[in-house]
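Participant: here is my input; please provide its structure:
(4 chains)
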Number of protein chains: 2
Amino acid sequence: MRQWAILRAVPRHPRRVDAPTIHSLLAHRGIEVTLRTVQRDLNALATTFPLDFDQSKPQGWCWRRGAGQLEVPSMDVHAALTFNLVEQYMQNLLPRSTLSHMSPWFDAAQGVAVSQASTITKWRDKLRVIPHTLNKIPAPINPSVQATIYNGLLEERQIRVTYRAITTGKEAKTYSVHPIGLVVMEQVVYLVCTVKDYQDARFLAVHRIDAAQQLEQDAIKPANFDMDEFILREFGIRLGEAPLNLVLRIRGVLAKYLAETPVAIDQTMTPVDAEWTRVEVKVPDTIQLRSWLRSLGPDAVVEAPGPLRQEMTHESQALVNLYAEQT
Amino acid sequence: MRQWAILRAVPRHPRRVDAPTIHSLLAHRGIEVTLRTVQRDLNALATTFPLDFDQSKPQGWCWRRGAGQLEVPSMDVHAALTFNLVEQYMQNLLPRSTLSHMSPWFDAAQGVAVSQASTITKWRDKLRVIPHTLNKIPAPINPSVQATIYNGLLEERQIRVTYRAITTGKEAKTYSVHPIGLVVMEQVVYLVCTVKDYQDARFLAVHRIDAAQQLEQDAIKPANFDMDEFILREFGIRLGEAPLNLVLRIRGVLAKYLAETPVAIDQTMTPVDAEWTRVEVKVPDTIQLRSWLRSLGPDAVVEAPGPLRQEMTHESQALVNLYAEQT
DNA sequence: ATATAAACGACAAAATGGGTCGCTTAAACC
DNA sequence: GGTTTAAGCGACCCATTTTGTCGTTTATAT
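Facilitator: Okay, here's the model as predicted:
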């Protein structure tokens, strides 16, 4: 039991912890033993587990870099299968530096034997995830900047950041921010925060932060801040306040797909004729809805509400005009 | 050490393992002890860990249902943050029954204290993932059918399935299949397999499989089967053989976004005038490309290659015609 | 009904664990 | 640069625990 507690107290590679710290930590949990015993335990555990310590005087103990994840209960094949799917899914949806924190588990999932005795078939041979969007390349994030940002966010401390605004020509500025939250949209990670002493929240793309340094001062969250409200307002998601009663005319395989994965639970579908099917569904009025409707091309026609139909009509006419121009 | 091995040998709830099995398993790993010792260990461990056994004679041991994931090294805050992001991301991308296999880890991530002493701030307050597509509802999958399918796939055994084809009117048919792989596309899970003794691979939507039963016979994978080739061909992904040298004219915020998350590493962007920017990039000729181009609406015009421009021109004209019709 | 195998209690010998102490060594501080 | 402080480590020994053995009980299978 004590050894179990010690194992869990030892952190992964870059971070380190020394024996006296573990000793007091154990005492805090009601496990009263001599420091000597803790030292003995650490040495004993190091013979079986990939633990390392540095040569400084209070020896800093850590799990060897690249040490695998040991879990109880151990990962079963179905969990491993799911981890493998998620790994493929996430590949281009989060920046490498963030996703890398999960690699111990992804590696563990890879290592789970597919079947007891059979061939050493690789998971990759059996599993594929087809990306639903065009695979864009996430902007790289400086790992140390990311670490500082995430720490400041979680410990609720102010951070001094050097930010390179997207508006061209402007050079990077340095100021302190109060981190509030993290928002991921379209493969980009944004830090939601207030700047200096202003009360209004802003968002900064983390990959455009060139340098970051955690400050001593606590971060102050503006009163009555509502993250969801902020997102809908500032990220240009919500276009209308009320949900739309969308009526759509669709054709082809799209009807089949939509029958299988409905847009919402109240979705109803009624055949119009041999070619077309009418879909009625209540959906929030968002930018994603527009993107989706556009992406369907000439297989979907908005019938109602009127304003949305108008909008789509104008858009398609605008597109035709653009294509009519000589290049 | 022996107890550690025993803990890892005990599976999660529905599955069970008995003491003699563990005993022989330990012997296999060079740990030679009496069966009695194993029994004693199990009882001892059950006082500290949430282990349960049933009342049948060879006692079946398992981790109590809902037992948390215990890991060494324990999950640090950055890993927990990433797990929370991924959980939000995956929410509607995989069916519940599949994703639920990861819930022990998602729960563990939730449980990681955000900061040492500070407030018990919930992760949810700080993290948000904005879905990039319209959030459709994944078709529910019968968990026991899913378990059988996944098992058959991993153990490479034939499966007798009752499949409800999407073509209306046809009733469900039952036949045996040789599972080859799993493909996830647009929130739907497909089983790639060959049917009966035919050599050509097909794909079945897992949520349309009403019943499944694992058979004794080994599954036979067709010679020279190439999963990637199969996907490109059968899922209608690849439209042209060669990659396209896409030339695109874009405007507005899109130019900024595309500069940050390029479509491919060789992407070049050159301003045309105050409004437009020209993007050149080599991309595979896929259905996703079309969807993406369409989703951009009148903010993007394809300039080359010619055939694609033609295609887009015709599509937009067709859409205008559709909207011009009286409802 | 009988045979088989697993679980369990009891006991004793063996092994190991852990506190104490003193020595050594490396930081830290004046 | 010397001194202080604290951590690591080897050694010793007693108490506790561990584990093999064996006999009994109980449930499952034949």
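Participant: what does chain A put close to DNA strand D?
Facilitator: Neighbours of DNA strand D within chain A, by CB under 7 Å from any atom of the strand: A:Asp18, A:Ala19, A:Pro20, A:Leu35, A:Arg36, A:Gln39, A:Asn43, A:Lys57, A:Pro58, A:Gln59. Backbone N, C-alpha and C define where each C-beta goes, glycine included.
Participant: relative to DNA strand C, which residue of the stretch 201-327 of chain A is the closest?
Facilitator: Residue nearest to DNA strand C within the stretch 201-327 of chain A: A:Glu216 (20.0 Å; CB to the nearest atom of the strand).
Participant: not counting its neighbours along the chain, what's nearest that residue?
Facilitator: A:Arg157 (7.2 Å; CB to CB, 6 or more residues apart in numbering or on different chains).
Participant: would you verify that A:Val184 is located in a helix?
Facilitator: No: counting by DSSP: H, G, I helix; E, B strand; the rest coil, A:Val184 falls outside a helix, being strand.
Participant: who are the neighbours in contact with it?
Facilitator: Residues in contact with A:Val184 (CB atoms under 8 Å, 6 or more residues apart in numbering or on different chains) are A:Leu94, A:Tyr190, B:Leu85, B:Tyr89, B:Arg128, B:Val129, B:Ile130.
Participant: export stretch A:75-88 as CSV, just CAs?
Facilitator: C-alpha atoms of stretch A:75-88 as CSV (Å, rounded to 0.1, in the frame of the first residue of the first chain):
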residue,chain,number,x,y,z
MET,A,75,-6.6,-1.8,-20.8
ASP,A,76,-8.8,-4.5,-22.5
VAL,A,77,-8.9,-5.0,-26.2
HIS,A,78,-12.1,-3.0,-26.7
ALA,A,79,-10.7,0.0,-24.8
ALA,A,80,-7.5,-0.4,-26.9
LEU,A,81,-9.5,-0.4,-30.1
THR,A,82,-11.3,2.8,-29.0
PHE,A,83,-8.1,4.5,-28.1
ASN,A,84,-6.7,3.6,-31.5
LEU,A,85,-9.8,5.0,-33.3
VAL,A,86,-9.6,8.2,-31.2
GLU,A,87,-5.9,8.6,-31.9
GLN,A,88,-6.6,8.5,-35.6
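Participant: so how far is that stretch from its chain's centroid?
Facilitator: Distance of stretch A:75-88 from the chain centroid (CA atoms, centre = their mean, to the nearest Å) equals 18 Å.
Participant: and A:Ile220, how close does it get to DNA strand D?
Facilitator: To DNA strand D, A:Ile220 is 36 Å away according to CB to the nearest atom of the strand, to the nearest Å.
Participant: could you measure from that residue over to A:Glu155?
Facilitator: Separation of A:Ile220 from A:Glu155 (CB to CB, to the nearest Å) stands at 14 Å.
Participant: who has more neighbours, those two?
Facilitator: Between A:Ile220 and A:Glu155, counted using other CB atoms under 10 Å in any protein chain shown, A:Glu155 has the larger neighbour count: 17 against 13.
Participant: what pLDDT does the more buried one get?
Facilitator: A:Glu155 carries a pLDDT score of 86 in this model.
Participant: near DNA strand C, which residues of the stretch 51-200 of chain A are found?
Facilitator: When proximity is defined by CB under 7 Å from any atom of the strand, the stretch 51-200 of chain A lies next to DNA strand C at A:Gln55, A:Ser56, A:Lys57.
Participant: looking at those, which are in helices?
Facilitator: Secondary structure from DSSP state H places none of these in helices.
Participant: neighbour-wise, which of those residues leads?
Facilitator: A:Ser56 (9 neighbours).
Participant: now the helix or strand where A:Ser103 lies against helix B:103-111, angle please.
Facilitator: Element membership for A:Ser103 (DSSP states H and E) is helix A:103-111. Here helix A:103-111 runs at an angle of 170 degrees relative to helix B:103-111 (axes from the mean of the first three to the mean of the last three CA atoms, to 10 degrees).
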